[in-house]
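1. next comes the sequence, and after it the predicted model I'd like to discuss.
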Amino acid sequence: MAAAAPQSLRFTRAMRIKQTRDFARLRQDGQRLVKGCLIANWRRLAVDSTPRLGVVTSSRIGNAVVRNRARRLLREVFRVHQHNLSQPVDLVLVARPSIAGKGFFDVEQDFVTTLRKAGLLKQ
C-alpha cells in the first residue's frame, strides 16, 4: 500500500487577492459572516480554480507591529486550512480590533468556526 502524497501547504502569490476591484467585488457580491476577531467575506469559485485570500487590517487595530502580526496570523491560518475547504473560494478576512494580543490558536478557532458556519469546510 503506497503512502499518499503530502498536500502542499504553500501560500503562493497566485493565491493572494491584490486588486482593489477584487476586494470591492467580494464586498458587493459575496457573502459575509462576523465571528470573534475576524470578518469573512467570500465568494465561491469554480471547482478547478485556486482558492485566494485577501487580508484587511485597519489602523483601528493598533500600530504597524500589531497590524502586521494580525496579517501574518490570518495568512497562516488560511495556509494551514486551505485543503479543508469544500470548494475553492475568494476569501477576504478583515481583522477586528479584538485580534490584538490573540495567539494562533485563538485566531484559528475563530477562523474554523466561521468557515464551518458558512458551510465552506469539508465534513
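-> Yes, it's here. Numbers count the residues shown, from 1 in each chain.

2. just the buried residues of the helix ranked longest in the chain, please?
-> With DSSP state H setting the assignment, residue counts place helix 64-81 as the longest helix in the chain. Residues 66-67, 69-71, 73-78, 81 are the ones in helix 64-81 that count as buried (16 or more other CB atoms under 10 Å). To be clear about C-beta, it is placed using only N, CA and C from the backbone, and glycine gets the same treatment.

3. just stretch 36-55 next, same as before
-> Buried residues in stretch 36-55 (16+ other CB under 10 Å): 36-44, 51-55.

4. swap in stretch 89-108?
-> 89-96, 99-100, 102, 107-108.

5. can you tell me the helix or strand for D90?
-> D90 belongs to strand 89-95 when assigned by DSSP states H and E.

6. for the longest helix of the chain, the distance to its chain's centre please.
-> Centroid separation between helix 64-81 and its chain, computed with CA atoms, centre = their mean, to the nearest Å, is 9 Å.

7. point out where the chain drops to low pLDDT.
-> Applying pLDDT under 70 to the chain flags residues 1-6.

8. what segments of it are strands?
-> Remark: strands assigned in the chain by DSSP state E are 31-35, 38-44, 52-56, 89-95.

9. turn these into JSON lines, including distance to I17.
-> As requested, the strands of the chain are exported to JSON lines (distance: least, CB to CB, whole Å):
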{"stretch": "strand 31-35", "distance to I17": "15"}
{"stretch": "strand 38-44", "distance to I17": "10"}
{"stretch": "strand 52-56", "distance to I17": "3"}
{"stretch": "strand 89-95", "distance to I17": "6"}
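
10. to T20, which of those strands lies closest?
-> strand 52-56 (10.1 Å; CB to CB).

11. what packs against the closest one?
-> Helices and strands touching strand 52-56, as assessed by 3 or more CB pairs under 8 Å, 6 or more residues apart in numbering; DSSP states H and E, comprise helix 20-29, helix 64-81, strand 89-95.
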